[in-house]
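Colleague: structure of the sequence below:
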Amino acid sequence: MDFSFLLDAPAGKHGPIAVRDGHFVFAKEPGRRIRFYGNHAGLEGMTKADCEPLAARFARMGYNAVRLHTYDQDLQGKNGLSTELDPGQEEVLDYLIYQMIQHGIYITLDLYVARTIFPNEVPGFSAPMQHAYKFLVHLDEGARSNWERFAAALLCHTNRYTGRPLAEEPALYGISLVNEDTPYEQLQRFPEAMREYQKAFARWKTGRDASAGPEGPLFREFVTDVYVRSYRRMMATLRHWGVSAPLTGVNFMEQQALALVRQELDYVDEHYYFDHPIPTGPGPMDPLRFHGRANERLAADCPRYAFPTRIFGKPFTLSEWNQPYPNPARASSGPLVSAYAQLQDWDGVLRFKFHPNPYPRAPGEPVPRSYLGEVFAIAEDPIAVLSDRLGALLFHRREFAMAPSALPYLVTSNASFGTRTPRGFFPEAYTYAGLFARVGGIVAERLPDAWPVGVCDPAQDPGARGAGLLWPGDRRLFALVEARGFFKGQTADFQRGLWTSETREITLDAAQGRLSLSAARTQVFALDGPGFLEDRELRVDHDGGYAVVAVTALSEGKRLPDSPRLLVFFLTDARASGLESARPITNYTTHGKSPMRVRIAHARLSMPAGAFQVARLRSLGLDGSQRNERDVPAQAGRLLFDLSTNPRDGGGLAFEIIRR
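Modeller: Sure thing, here's the model as predicted:
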């Protein structure tokens, strides 16, 4: 199954990427937007021979973007100076970048992820550092100089295959200056960094409030000020080197105060997961805990909590997300996130991650229980692979419309550092607004006149101004907004757990665990249990367990009712052989080994025959190869297709329908 036709290879052929009117565009064609859907890759044991096959597989997935992540710990020098690059790993990275570009895949990366800082490499720090370095780089001059040396070595080195330094690479669509360096609660976990911040805070608070401690709002204000100044300096450094790619950072967590830092950046990037594994002990081989619930039943928790972090007027990407294995309801993850990203008019979606660590793993080899990366890798998981292929197809074809209305949140400095919300997150009620309209922040002390309605927290900031301001602290927000004449097409029924987008294309039933995505060329149904769903004259009856049935038109320019060729996915669950966990899945003790075993299920897909008298149903392999097929005649004006995931019944996870 090859979706590479969605790409425009080679990447960068239209010139560098720029930001115009809040979105990514081609700098030489500023009226032409570009959107990114992709996955992650790192070095992680890769050789040059692995690079072309991996890039080709990314292209077949429909990915037009790759985030080079967790590469720096392999690329770094090994002899006491982490800023010197390993020549062998540098050549592999050069070739991987070259192959991705040749296959039409744009690049983004972080300038710091997990590189180990050797003892005394940064003056004053005698122990090795990783995560603490993320915070020190914004405060300590030695750490900042170290960051600059590594960044220069990476960006200013000429790629031996493209013939260009990465700083001048037109296929580089974005750079995160430091990965997941969000301070506040995180900073408290690293004493060596916290000590330095407390020393600097003691000097900074002179003349403000000498009694203020590191747990209060004044400390959060201080840290935010440090970050704003640091990011301005980092960005100026890269621009001086000739880097034109858009720049971002603080790409983790949802506190309001982060908007004050993100406002300084070229675009906003966020990370969010559904059913992220929780280690049950300190060791990498300790069992992992999952809740195993369907995202639909938690009202699209991912990406809902990421909605408010967007800032209107800037591009937004969700560059790290997943609903990882072994969550039994991960089949809808691709289309669900893709559809809501389109409703919000986001600019990029990249799942973490594709291949396991180390790369590659031989078939049948036991999967280590290590937390690091294994549960996130989708390459050997047929459910996640097909779900993400579908997500890419929908995203690139712009299958779902942008919500016409927007409900901005006014982020003020007073509300960000107020004492009533010590953690400073957006009110939960506001996140639900993103299920039917566009949401995001505006950093200002007053709601701009261009926005007729917006939300803020007057309890946090009594001085917030603007005629259209509403308080979103509870579910009454939606009645207040509708009373002002906005969002008439949407449904927001908390009692029933039912939300319908303003476009009427996305219906989420949290109480029943169901999702319906309805567009001109595509229909997706997700059901958490037995029953049926129907929309626009298509109906699916399902025998039980969690399942996704998706139907999309393949004939060029044809809508779903008129397309002679249809692609159908019937996705349930798959588990590695020998997987061990509690039931239901809570503590996950053994990953098992490949191959994956698919849960057997059955469903009936019914659609109007229209002008077609007969159809042929073909089951497909993951590579798109044709397997079993049978003719299905029209009955009483409808076509009825009996689907099975059991290959012994002629079934599978993907099907092609040819209507005549």
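Colleague: which residue ranges of the stretch 401-550 of the chain form helices?
Modeller: For the stretch 401-550 of the chain, helices defined by DSSP state H, counting those that start in this stretch occupy the ranges 413-416, 428-433, 476-483.
Colleague: can you lay out these as JSON lines showing mean neighbour count?
Modeller: Heads up, the C-betas are built off the backbone N, CA and C, glycines and all. Formatted as JSON lines, these follow (neighbours: other Cβ atoms under 10 Å):
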{"stretch": "helix 413-416", "mean neighbour count": "19"}
{"stretch": "helix 428-433", "mean neighbour count": "20"}
{"stretch": "helix 476-483", "mean neighbour count": "16"}
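Colleague: for Ser606, which of these is the nearest?
Modeller: The closest of those to Ser606 is helix 428-433. By Cβ to Cβ, the value is 32.5 Å.
Colleague: quick one: contacts of the closest one?
Modeller: Helix 428-433 is contacted by residues 299, 304-305, 307-308, 407, 409, 439, 455, 472-475, 477-478, 481, 492, 494, 499 when judged by Cβ atoms under 8 Å, 6 or more residues apart in numbering.
Colleague: next: stretch 46-61.
Modeller: 1-4, 7, 9, 38-39, 41, 66, 91-92, 95-96, 98-100, 102-105, 354-355, 359-360, 379, 385, 388-389, 392.
Colleague: any buried residues in stretch 545-557, and which?
Modeller: Residues 545-553 are the ones in stretch 545-557 that count as buried (16 or more other Cβ atoms under 10 Å).
Colleague: repeat that for stretch 395-403.
Modeller: In terms of neighbour count (16+ other Cβ under 10 Å), stretch 395-403 has its buried residues at 395-397, 399-401, 403.
Colleague: any idea how far that stretch is from the chain center?
Modeller: Relative to its parent chain, stretch 395-403 has a centroid offset of 16 Å by Cα atoms, centre = their mean, to the nearest Å.
Colleague: what about that stretch, how long is it end to end?
Modeller: 15 Å (Cα to Cα, to the nearest Å).
Colleague: for the buried residues of stretch 395-403, work out which two are farthest apart.
Modeller: Counting by Cβ to Cβ, the most remote pair of those is His396 and Ala403, 19.4 Å apart.
Colleague: strands - which of the contacts of helix 428-433 land there?
Modeller: Judged by DSSP state E, the subset of the contacts of helix 428-433 located in strands is 407, 409, 439, 455, 492, 499.
Colleague: dump those residues to JSON lines, plus distance to Asp449, neighbour count and pLDDT.
Modeller: Below are these laid out as JSON lines (distance: Cβ to Cβ, whole Å; neighbours: other Cβ atoms under 10 Å; pLDDT from 0 to 100):
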{"residue": "Leu407", "distance to Asp449": "16", "neighbour count": "25", "pLDDT": "92"}
{"residue": "Tyr409", "distance to Asp449": "17", "neighbour count": "28", "pLDDT": "93"}
{"residue": "Val439", "distance to Asp449": "20", "neighbour count": "26", "pLDDT": "96"}
{"residue": "Val455", "distance to Asp449": "16", "neighbour count": "26", "pLDDT": "89"}
{"residue": "Ala492", "distance to Asp449": "27", "neighbour count": "20", "pLDDT": "78"}
{"residue": "Trp499", "distance to Asp449": "30", "neighbour count": "24", "pLDDT": "93"}
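Colleague: farthest pair in those?
Modeller: Applying Cβ to Cβ across those, the maximum distance is between Tyr409 and Trp499, 18.3 Å.
Colleague: so, low pLDDT: which residues of the stretch 201-350 of the chain?
Modeller: Along the stretch 201-350 of the chain, the model assigns pLDDT under 70 to residues 284-285.
Colleague: quick one, which of the contacts of stretch 46-61 are buried?
Modeller: 1, 3-4, 7, 38-39, 41, 66, 92, 95-96, 98-100, 102-105, 354-355, 359-360, 379, 385, 388-389, 392.
Colleague: out of those, which are inside helices?
Modeller: Within those, residues falling in helices by DSSP state H are 92, 95-96, 98-100, 102, 385, 388-389, 392.
Colleague: farthest-apart pair in those residues, please.
Modeller: The most widely separated members of those, counting by Cβ to Cβ, are Val92 and Arg389 (26.7 Å).
Colleague: for Arg310, give me its contacts.
Modeller: Neighbour list for Arg310: 268, 270, 316, 344, 346, 439-441 [criterion: Cβ under 8 Å, 6+ apart].
Colleague: restricted to buried residues, select those residues in PyMOL.
Modeller: To isolate in PyMOL the members of those that are buried, counting by 16+ other Cβ under 10 Å, one can use:
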select buried, resi 268+270+316+344+346+439+440+441
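Colleague: show me the beta-bridge partners of Lys593.
Modeller: Bridge pairing for Lys593 (DSSP bridges) gives the partners Pro366, Ser577.
Colleague: low-confidence stretches in the stretch 451-600 of the chain?
Modeller: Applying pLDDT under 70 to the stretch 451-600 of the chain flags the ranges 458-463, 472-474, 488-490, 580-585, 589-592.
Colleague: switch to 80 and redo it
Modeller: 457-468, 470-492, 577-595 (pLDDT under 80).
Colleague: quick one: the helices in the stretch 1-150 of the chain?
Modeller: So, for the stretch 1-150 of the chain - with DSSP H, counting those that start in this stretch - the helices run 48-61, 72-75, 87-102, 131-136, 141-155.
Colleague: Throw those helices into CSV and include mean pLDDT and distance to Ala615, thanks.
Modeller: Formatted as CSV, the helices of the stretch 1-150 of the chain follow (pLDDT from 0 to 100; distance: least, Cβ to Cβ, whole Å):
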stretch, mean pLDDT, distance to Ala615
helix 48-61, 96, 26
helix 72-75, 95, 50
helix 87-102, 97, 39
helix 131-136, 97, 56
helix 141-155, 98, 54
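Colleague: out of those helices, which gets nearest to Asn251?
Modeller: helix 131-136 (11.2 Å).
Colleague: count the residues that sit near the nearest residue to Pro356 once chain neighbours are set aside.
Modeller: Residue nearest to Pro356 in three dimensions, not counting chain neighbours: Ala377, with 4.0 Å by Cβ to Cβ, 6 or more residues apart in numbering. Counted with other Cβ atoms under 10 Å, residues neighbouring Ala377 total 23.
Colleague: is Ala377 in contact with Arg351, as I believe?
Modeller: No - taking Cβ atoms under 8 Å as the definition, Ala377 is not a contact partner of Arg351, at 10.2 Å.
Colleague: where do the contact lists of those two overlap?
Modeller: Common neighbours of Ala377 and Arg351 (Cβ under 8 Å, 6+ apart) do not exist.
Colleague: OK, contacts around Ala531?
Modeller: Careful, residue 531 is Gly; it's not Ala. Contact partners of Gly531, counting by Cβ under 8 Å, 6+ apart, are 512, 541-542.
Colleague: PyMOL command for the buried members of the residues you listed?
Modeller: In PyMOL, this line selects whichever of the contacts of Gly531 come out buried by 16+ other Cβ under 10 Å:
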select buried, resi 512+541+542
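Colleague: so which of the contacts of Gly531 are in strands?
Modeller: Those of the contacts of Gly531 lying in strands (DSSP E): 541-542.
Colleague: dump the contacts of Gly531 to CSV, plus distance to Asn146.
Modeller: Shown next, in CSV, are the contacts of Gly531 (distance: Cβ to Cβ, whole Å):
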residue, distance to Asn146
Gln512, 53
Asp541, 61
His542, 56
